[in-house]
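Enquirer: next one to model:
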Amino acid sequence: MKIFSVIGARPQFIKLAPIVRAFNQDEGRSGSGKIIHGIVHTGQHYDYLMNKVFFENLGLPEPDFNLEVGSASHAKQTGVMLELIEQVLENERPDWVLVYGDTNSTLAGALAAVKMGISVGHIEAGLRSFNRRMPEEINRILADRCAEALFCPTENACRILKNEGCPLIVNEGKLIKNIARSGIGGETRRPFAVNVGDVMYDASLMALKAGKRLSGILSSLGLKRGEYYLATIHRAENTDVRSRLEILIESLAELGRKAPVVFPVHPRTKQRLEQFHIKVPFSQGLKLCDPVGYTDMLILEESARCILTDSGGIQKEAFFFGIPCLTLRDETEWIETVASGDNVLTGISKESILTAALGISSKAKKGRIAGPFGDGKAAEKVKDVLVQLAG
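Expert: Got it, this is the predicted structure:
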(Lines give C-alpha, C1' and ligand atoms only; values in the text may rest on other atoms or scores of the structure.)
Protein backbone atom coordinates (compact mmCIF):
# COMPACT_ATOMS: atom_id res chain seq x y z
CA MET A 1 0.00 0.00 0.00
CA LYS A 2 1.43 3.35 -1.05
CA ILE A 3 0.39 6.46 0.89
CA PHE A 4 1.45 10.02 0.12
CA SER A 5 1.13 12.94 2.54
CA VAL A 6 0.77 16.42 1.07
CA ILE A 7 1.97 19.18 3.39
CA GLY A 8 3.22 22.73 3.02
CA ALA A 9 2.93 24.80 6.21
CA ARG A 10 4.24 24.67 9.78
CA PRO A 11 1.09 23.23 11.43
CA GLN A 12 1.09 20.43 8.87
CA PHE A 13 4.69 19.51 9.64
CA ILE A 14 3.61 19.06 13.26
CA LYS A 15 0.58 16.95 12.32
CA LEU A 16 2.70 14.82 9.99
CA ALA A 17 5.29 13.88 12.65
CA PRO A 18 3.16 11.38 14.61
CA ILE A 19 1.87 9.86 11.35
CA VAL A 20 5.45 9.21 10.21
CA ARG A 21 6.27 7.77 13.61
CA ALA A 22 3.22 5.48 13.57
CA PHE A 23 4.12 4.08 10.16
CA ASN A 24 7.74 3.57 11.25
CA GLN A 25 6.77 1.80 14.46
CA ASP A 26 4.65 -0.57 12.44
CA GLU A 27 7.82 -1.36 10.48
CA GLY A 28 5.84 -0.91 7.30
CA ARG A 29 3.96 -4.22 7.49
CA SER A 30 0.23 -4.83 7.14
CA GLY A 31 -2.04 -7.49 5.79
CA SER A 32 -1.81 -5.88 2.36
CA GLY A 33 1.99 -5.85 2.28
CA LYS A 34 4.53 -3.14 2.89
CA ILE A 35 3.34 0.43 3.54
CA ILE A 36 5.29 2.90 1.43
CA HIS A 37 4.89 6.45 2.72
CA GLY A 38 6.00 9.43 0.64
CA ILE A 39 5.98 13.14 1.52
CA VAL A 40 5.09 15.89 -0.95
CA HIS A 41 6.07 19.34 0.38
CA THR A 42 4.43 22.09 -1.65
CA GLY A 43 6.76 24.78 -0.33
CA GLN A 44 3.85 26.96 0.84
CA HIS A 45 6.05 27.99 3.78
CA TYR A 46 9.43 28.68 2.26
CA ASP A 47 11.10 30.73 5.02
CA TYR A 48 13.78 28.64 6.79
CA LEU A 49 12.46 29.41 10.26
CA MET A 50 8.96 28.39 9.19
CA ASN A 51 10.08 25.33 7.28
CA LYS A 52 13.34 23.39 7.55
CA VAL A 53 13.84 24.04 11.24
CA PHE A 54 10.53 22.33 11.98
CA PHE A 55 11.54 19.26 10.00
CA GLU A 56 14.72 19.13 12.09
CA ASN A 57 12.89 19.68 15.39
CA LEU A 58 10.35 16.99 14.61
CA GLY A 59 12.80 14.44 13.25
CA LEU A 60 10.97 14.29 9.92
CA PRO A 61 12.65 12.75 6.87
CA GLU A 62 13.44 14.95 3.90
CA PRO A 63 10.39 15.27 1.61
CA ASP A 64 10.38 12.95 -1.38
CA PHE A 65 9.17 15.88 -3.48
CA ASN A 66 9.63 19.59 -2.75
CA LEU A 67 7.53 21.64 -5.16
CA GLU A 68 8.91 25.03 -3.98
CA VAL A 69 5.70 26.87 -4.84
CA GLY A 70 6.28 29.78 -2.44
CA SER A 71 3.98 32.71 -1.79
CA ALA A 72 1.35 34.02 -4.22
CA SER A 73 -2.34 34.91 -4.36
CA HIS A 74 -4.72 32.17 -3.25
CA ALA A 75 -5.74 31.41 -6.84
CA LYS A 76 -2.22 31.34 -8.29
CA GLN A 77 -0.71 29.42 -5.40
CA THR A 78 -3.45 26.79 -5.38
CA GLY A 79 -3.38 26.48 -9.18
CA VAL A 80 0.38 25.94 -9.34
CA MET A 81 0.15 23.39 -6.53
CA LEU A 82 -2.62 21.52 -8.36
CA GLU A 83 -0.54 21.25 -11.50
CA LEU A 84 2.62 20.09 -9.74
CA ILE A 85 0.89 17.69 -7.32
CA GLU A 86 -0.97 16.12 -10.24
CA GLN A 87 2.36 15.43 -11.97
CA VAL A 88 3.70 13.69 -8.86
CA LEU A 89 0.56 11.59 -8.42
CA GLU A 90 0.49 10.66 -12.08
CA ASN A 91 4.00 9.28 -11.82
CA GLU A 92 3.69 7.67 -8.39
CA ARG A 93 0.04 6.47 -8.36
CA PRO A 94 -0.41 6.09 -4.59
CA ASP A 95 -3.40 4.26 -3.13
CA TRP A 96 -4.11 7.08 -0.69
CA VAL A 97 -3.31 10.77 -0.38
CA LEU A 98 -3.43 12.24 3.13
CA VAL A 99 -4.05 15.96 3.53
CA TYR A 100 -3.82 17.89 6.78
CA GLY A 101 -5.75 20.83 8.21
CA ASP A 102 -6.98 23.76 6.16
CA THR A 103 -4.29 25.41 4.04
CA ASN A 104 -4.07 25.91 0.29
CA SER A 105 -1.81 22.82 0.26
CA THR A 106 -4.68 20.85 1.85
CA LEU A 107 -7.13 21.92 -0.83
CA ALA A 108 -4.72 21.40 -3.74
CA GLY A 109 -3.73 17.93 -2.54
CA ALA A 110 -7.34 16.85 -2.06
CA LEU A 111 -8.50 18.19 -5.42
CA ALA A 112 -5.59 16.75 -7.38
CA ALA A 113 -6.06 13.30 -5.84
CA VAL A 114 -9.84 12.99 -6.04
CA LYS A 115 -9.91 14.08 -9.69
CA MET A 116 -7.48 11.27 -10.46
CA GLY A 117 -9.57 8.68 -8.63
CA ILE A 118 -7.11 8.38 -5.74
CA SER A 119 -8.61 7.94 -2.27
CA VAL A 120 -8.24 10.99 -0.01
CA GLY A 121 -7.92 10.97 3.77
CA HIS A 122 -8.41 14.31 5.53
CA ILE A 123 -6.70 14.54 8.90
CA GLU A 124 -8.43 17.14 11.11
CA ALA A 125 -11.74 16.83 9.27
CA GLY A 126 -15.02 18.33 10.42
CA LEU A 127 -13.76 21.61 11.86
CA ARG A 128 -15.91 24.67 11.30
CA SER A 129 -15.63 28.29 12.42
CA PHE A 130 -18.81 29.11 10.46
CA ASN A 131 -17.02 32.19 9.13
CA ARG A 132 -16.77 31.88 5.35
CA ARG A 133 -14.67 35.02 5.12
CA MET A 134 -11.77 32.91 6.34
CA PRO A 135 -9.85 31.24 3.49
CA GLU A 136 -9.15 28.35 5.86
CA GLU A 137 -12.87 27.71 6.28
CA ILE A 138 -13.36 27.30 2.55
CA ASN A 139 -10.32 25.02 2.30
CA ARG A 140 -11.48 22.70 5.07
CA ILE A 141 -15.04 22.45 3.74
CA LEU A 142 -13.88 21.57 0.22
CA ALA A 143 -11.24 19.14 1.48
CA ASP A 144 -13.93 17.34 3.48
CA ARG A 145 -16.08 17.07 0.36
CA CYS A 146 -13.19 15.48 -1.55
CA ALA A 147 -12.24 13.02 1.17
CA GLU A 148 -13.30 9.40 1.48
CA ALA A 149 -11.84 8.96 4.97
CA LEU A 150 -12.61 11.86 7.31
CA PHE A 151 -10.31 11.60 10.33
CA CYS A 152 -11.93 13.78 12.99
CA PRO A 153 -10.06 15.13 16.03
CA THR A 154 -13.16 15.30 18.27
CA GLU A 155 -16.69 13.97 18.59
CA ASN A 156 -18.01 17.45 17.82
CA ALA A 157 -16.24 17.37 14.45
CA CYS A 158 -18.01 14.07 13.69
CA ARG A 159 -21.35 15.62 14.65
CA ILE A 160 -20.75 18.53 12.29
CA LEU A 161 -20.03 16.17 9.40
CA LYS A 162 -23.12 14.13 10.23
CA ASN A 163 -25.24 17.29 10.17
CA GLU A 164 -23.72 18.15 6.79
CA GLY A 165 -24.79 14.80 5.37
CA CYS A 166 -21.77 12.52 5.81
CA PRO A 167 -23.27 9.06 5.08
CA LEU A 168 -21.50 7.17 7.87
CA ILE A 169 -19.91 7.87 11.24
CA VAL A 170 -17.92 4.82 12.38
CA ASN A 171 -16.00 3.54 15.37
CA GLU A 172 -12.39 2.84 14.36
CA GLY A 173 -12.39 -0.37 16.39
CA LYS A 174 -15.29 -1.79 14.34
CA LEU A 175 -14.44 -0.19 11.03
CA ILE A 176 -14.47 -3.21 8.72
CA LYS A 177 -17.76 -4.50 10.10
CA ASN A 178 -19.37 -1.07 9.73
CA ILE A 179 -18.06 -0.62 6.20
CA ALA A 180 -19.20 -4.08 5.11
CA ARG A 181 -22.66 -3.44 6.52
CA SER A 182 -22.89 -0.06 4.78
CA GLY A 183 -21.65 -1.16 1.38
CA ILE A 184 -18.61 1.11 1.30
CA GLY A 185 -15.83 -0.11 -0.93
CA GLY A 186 -15.01 -0.91 -4.51
CA GLU A 187 -16.46 1.46 -7.08
CA THR A 188 -19.29 2.64 -4.82
CA ARG A 189 -17.20 4.10 -2.05
CA ARG A 190 -18.94 6.60 0.17
CA PRO A 191 -17.29 8.96 2.65
CA PHE A 192 -17.09 7.98 6.30
CA ALA A 193 -16.01 9.89 9.40
CA VAL A 194 -14.17 8.46 12.37
CA ASN A 195 -13.04 10.15 15.59
CA VAL A 196 -9.39 9.18 15.97
CA GLY A 197 -8.40 12.05 18.27
CA ASP A 198 -6.06 14.93 17.57
CA VAL A 199 -2.66 14.24 16.03
CA MET A 200 -1.42 17.54 17.47
CA TYR A 201 -1.92 16.12 20.94
CA ASP A 202 0.21 13.16 19.86
CA ALA A 203 2.87 15.56 18.58
CA SER A 204 2.91 17.69 21.72
CA LEU A 205 3.45 14.63 23.91
CA MET A 206 6.29 13.55 21.62
CA ALA A 207 8.05 16.90 21.58
CA LEU A 208 7.54 18.43 25.02
CA LYS A 209 9.61 15.84 26.85
CA ALA A 210 12.54 16.39 24.49
CA GLY A 211 12.07 20.14 24.67
CA LYS A 212 12.35 20.20 28.45
CA ARG A 213 15.61 18.32 28.17
CA LEU A 214 17.17 20.24 25.29
CA SER A 215 15.64 23.72 24.98
CA GLY A 216 17.36 26.79 26.39
CA ILE A 217 14.78 29.25 25.11
CA LEU A 218 13.70 30.59 28.52
CA SER A 219 17.23 31.47 29.62
CA SER A 220 18.14 32.90 26.21
CA LEU A 221 15.18 35.31 26.41
CA GLY A 222 15.65 36.03 30.12
CA LEU A 223 12.26 34.59 31.09
CA LYS A 224 10.92 32.97 34.24
CA ARG A 225 8.18 30.35 34.27
CA GLY A 226 4.70 31.75 34.83
CA GLU A 227 5.82 35.39 34.71
CA TYR A 228 5.33 36.34 31.04
CA TYR A 229 2.69 36.43 28.32
CA LEU A 230 3.21 34.75 24.95
CA ALA A 231 1.59 36.25 21.84
CA THR A 232 1.27 35.15 18.22
CA ILE A 233 -0.56 36.81 15.29
CA HIS A 234 -0.63 35.38 11.79
CA ARG A 235 -4.16 34.96 10.37
CA ALA A 236 -5.04 37.03 7.31
CA GLU A 237 -8.20 38.33 8.98
CA ASN A 238 -5.94 40.08 11.52
CA THR A 239 -2.79 40.85 9.58
CA ASP A 240 -4.37 42.02 6.32
CA VAL A 241 -6.73 44.56 7.90
CA ARG A 242 -4.73 47.54 9.06
CA SER A 243 -7.15 48.65 11.78
CA ARG A 244 -7.22 45.19 13.36
CA LEU A 245 -3.46 44.80 13.26
CA GLU A 246 -2.96 48.25 14.82
CA ILE A 247 -5.32 47.38 17.69
CA LEU A 248 -3.52 44.11 18.34
CA ILE A 249 -0.05 45.69 18.34
CA GLU A 250 -1.20 48.52 20.62
CA SER A 251 -2.75 45.96 22.98
CA LEU A 252 0.47 43.93 23.20
CA ALA A 253 2.54 47.06 23.77
CA GLU A 254 0.21 48.20 26.55
CA LEU A 255 0.27 44.75 28.15
CA GLY A 256 4.08 44.81 27.92
CA ARG A 257 4.10 47.78 30.29
CA LYS A 258 2.57 45.52 32.95
CA ALA A 259 4.52 42.28 32.39
CA PRO A 260 6.89 40.76 29.81
CA VAL A 261 5.23 39.82 26.51
CA VAL A 262 7.12 37.51 24.13
CA PHE A 263 6.02 38.05 20.53
CA PRO A 264 7.59 35.80 17.85
CA VAL A 265 6.73 37.70 14.67
CA HIS A 266 5.35 35.62 11.80
CA PRO A 267 6.74 36.53 8.33
CA ARG A 268 3.28 37.60 7.14
CA THR A 269 2.82 39.83 10.17
CA LYS A 270 6.25 41.38 9.72
CA GLN A 271 5.50 42.07 6.06
CA ARG A 272 2.17 43.75 6.86
CA LEU A 273 3.68 45.88 9.63
CA GLU A 274 6.14 47.21 7.07
CA GLN A 275 3.52 47.54 4.31
CA PHE A 276 1.09 49.47 6.54
CA HIS A 277 3.92 51.53 8.13
CA ILE A 278 2.80 50.43 11.58
CA LYS A 279 5.38 51.25 14.21
CA VAL A 280 5.43 49.08 17.29
CA PRO A 281 4.98 51.45 20.27
CA PHE A 282 7.91 51.47 22.67
CA SER A 283 7.32 49.10 25.55
CA GLN A 284 10.23 47.74 27.55
CA GLY A 285 8.34 44.53 28.30
CA LEU A 286 7.39 43.70 24.70
CA LYS A 287 10.01 41.28 23.38
CA LEU A 288 9.84 40.85 19.60
CA CYS A 289 11.76 37.92 18.14
CA ASP A 290 11.93 35.74 15.05
CA PRO A 291 9.75 32.62 14.89
CA VAL A 292 11.19 29.82 17.00
CA GLY A 293 11.36 26.06 16.43
CA TYR A 294 8.57 23.74 17.46
CA THR A 295 10.10 22.40 20.67
CA ASP A 296 11.15 25.88 21.78
CA MET A 297 7.63 27.12 21.08
CA LEU A 298 6.13 24.34 23.19
CA ILE A 299 8.41 25.30 26.08
CA LEU A 300 7.36 28.96 25.72
CA GLU A 301 3.70 27.91 25.75
CA GLU A 302 3.96 25.46 28.63
CA SER A 303 5.85 27.99 30.78
CA ALA A 304 3.71 31.07 30.04
CA ARG A 305 1.39 32.86 32.40
CA CYS A 306 -1.10 33.24 29.57
CA ILE A 307 -1.16 32.91 25.76
CA LEU A 308 -2.68 35.42 23.34
CA THR A 309 -3.07 34.01 19.82
CA ASP A 310 -5.11 33.71 16.65
CA SER A 311 -3.65 30.27 15.93
CA GLY A 312 -5.90 27.25 16.15
CA GLY A 313 -3.01 24.94 16.94
CA ILE A 314 -1.71 27.09 19.77
CA GLN A 315 -5.20 27.31 21.29
CA LYS A 316 -5.15 23.53 21.57
CA GLU A 317 -1.60 23.34 22.86
CA ALA A 318 -2.50 25.85 25.58
CA PHE A 319 -5.40 23.57 26.49
CA PHE A 320 -3.17 20.48 26.53
CA PHE A 321 -0.79 22.19 28.99
CA GLY A 322 -3.46 23.83 31.15
CA ILE A 323 -2.37 27.37 30.25
CA PRO A 324 -5.05 30.09 29.98
CA CYS A 325 -5.56 31.22 26.38
CA LEU A 326 -7.02 34.41 24.92
CA THR A 327 -8.03 33.96 21.28
CA LEU A 328 -7.67 37.15 19.26
CA ARG A 329 -10.59 36.36 16.99
CA ASP A 330 -14.38 36.57 16.95
CA GLU A 331 -14.86 32.80 16.70
CA THR A 332 -12.94 29.55 16.94
CA GLU A 333 -13.14 26.06 15.49
CA TRP A 334 -12.05 24.62 18.82
CA ILE A 335 -15.23 25.23 20.79
CA GLU A 336 -14.24 22.50 23.28
CA THR A 337 -11.53 24.78 24.68
CA VAL A 338 -14.00 27.65 25.15
CA ALA A 339 -16.67 25.43 26.70
CA SER A 340 -14.16 24.28 29.32
CA GLY A 341 -13.38 27.88 30.31
CA ASP A 342 -9.70 27.52 29.37
CA ASN A 343 -10.01 29.71 26.25
CA VAL A 344 -11.61 33.16 25.97
CA LEU A 345 -12.62 34.80 22.68
CA THR A 346 -11.62 38.45 23.06
CA GLY A 347 -12.47 39.74 19.60
CA ILE A 348 -10.40 42.67 18.37
CA SER A 349 -10.91 45.18 21.13
CA LYS A 350 -8.05 46.69 23.12
CA GLU A 351 -10.24 46.96 26.20
CA SER A 352 -11.42 43.35 26.10
CA ILE A 353 -7.93 42.00 25.39
CA LEU A 354 -6.29 43.91 28.24
CA THR A 355 -9.11 43.21 30.70
CA ALA A 356 -8.92 39.49 30.01
CA ALA A 357 -5.12 39.34 30.05
CA LEU A 358 -4.68 41.32 33.26
CA GLY A 359 -7.40 39.28 34.95
CA ILE A 360 -5.51 36.02 34.49
CA SER A 361 -4.07 34.56 37.68
CA SER A 362 -0.28 34.46 37.75
CA LYS A 363 -0.55 30.88 38.99
CA ALA A 364 -1.85 29.19 35.87
CA LYS A 365 -2.94 25.60 36.38
CA LYS A 366 -0.41 23.12 35.03
CA GLY A 367 -0.66 19.66 33.59
CA ARG A 368 -1.82 18.09 30.36
CA ILE A 369 -5.51 17.79 29.63
CA ALA A 370 -6.40 15.27 26.93
CA GLY A 371 -10.15 15.53 27.36
CA PRO A 372 -12.00 15.70 24.05
CA PHE A 373 -8.82 15.44 21.96
CA GLY A 374 -8.15 11.76 22.50
CA ASP A 375 -5.51 9.68 24.22
CA GLY A 376 -2.36 10.65 22.33
CA LYS A 377 -2.68 7.76 19.87
CA ALA A 378 -4.53 9.43 17.01
CA ALA A 379 -1.83 8.68 14.44
CA GLU A 380 -1.83 4.99 15.30
CA LYS A 381 -5.60 4.93 14.80
CA VAL A 382 -5.25 6.63 11.40
CA LYS A 383 -2.75 3.93 10.41
CA ASP A 384 -5.03 1.16 11.70
CA VAL A 385 -7.98 2.48 9.69
CA LEU A 386 -5.94 2.60 6.48
CA VAL A 387 -4.57 -0.90 7.10
CA GLN A 388 -8.11 -2.24 7.66
CA LEU A 389 -9.32 -0.62 4.45
CA ALA A 390 -6.44 -2.16 2.52
CA GLY A 391 -7.07 -5.53 4.25
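Enquirer: buried residues in the longest helix along the chain?
Expert: Among the elements of type helix in the chain, defined by DSSP state H, the one spanning the most residues is helix 74-92. Applying a neighbour-count criterion of 16 or more other CB atoms under 10 Å, the buried positions in helix 74-92 are Gln77, Thr78, Val80, Met81, Leu82, Leu84, Ile85, Glu86, Val88, Leu89, Glu92. Bear in mind the C-beta positions are built from the backbone N, C-alpha and C, glycine included.
Enquirer: what's the closest of these to Ser105?
Expert: Met81 (6.3 Å; CB to CB).
Enquirer: that closest one against Glu68, yeah?
Expert: No - contact between Met81 and Glu68 fails when scored by CB atoms under 8 Å: they sit 10.8 Å apart.
Enquirer: ok, Ala357 - contacts?
Expert: Shown in contact with Ala357 (CB atoms under 8 Å, 6 or more residues apart in numbering): Tyr229, Leu255, Cys306, Leu308, Leu326.
Enquirer: sorry, slip of the keys, the one I care about is Tyr201.
Expert: Listed by CB under 8 Å, 6+ apart, the contact set of Tyr201 reads Lys316, Phe320, Ala370, Phe373, Gly374, Gly376, Ala378.
Enquirer: let's see it at 6 Å
Expert: By CB atoms under 6 Å, 6 or more residues apart in numbering, the residues touching Tyr201 are Phe320, Phe373, Gly374, Gly376.
Enquirer: what sits up against the host helix or strand of the first one?
Expert: In this structure, Phe320 sits in helix 312-321 according to DSSP states H and E. Helix 312-321 is contacted from outside by 11, 200-201, 204, 232, 301-302, 307, 325, 327, 333-334, 337, 342-343, 368, using CB under 6 Å, 6+ apart.
Enquirer: in this structure, which spans are strands?
Expert: Taking DSSP state E, the strands of the chain run over residues 2-7, 36-41, 65-66, 96-100, 119-123, 149-152, 169-170, 192-195, 229-232, 261-264, 286-289, 306-309, 325-327, 343-345.
Enquirer: on that earlier part again, any chance of a PyMOL selection covering the buried ones in the contacts of helix 312-321?
Expert: With 16+ other CB under 10 Å as the burial test, the buried ones among these are selected in PyMOL as follows:
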select buried, resi 11+200+201+204+232+301+302+307+325+327+333+334+337+342+343
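Enquirer: any idea which of the contacts of helix 312-321 the model trusts least?
Expert: When the contacts of helix 312-321 are compared on pLDDT, Arg368 comes out lowest, with 52.
Enquirer: which residues does Asn195 form a beta bridge with?
Expert: When assigned by DSSP bridges, Asn195 has beta-bridge partners Cys152.
Enquirer: that one touches Asn156, doesn't it?
Expert: No - under the contact definition of CB atoms under 6 Å, Asn195 does not touch Asn156, with a separation of 9.2 Å.
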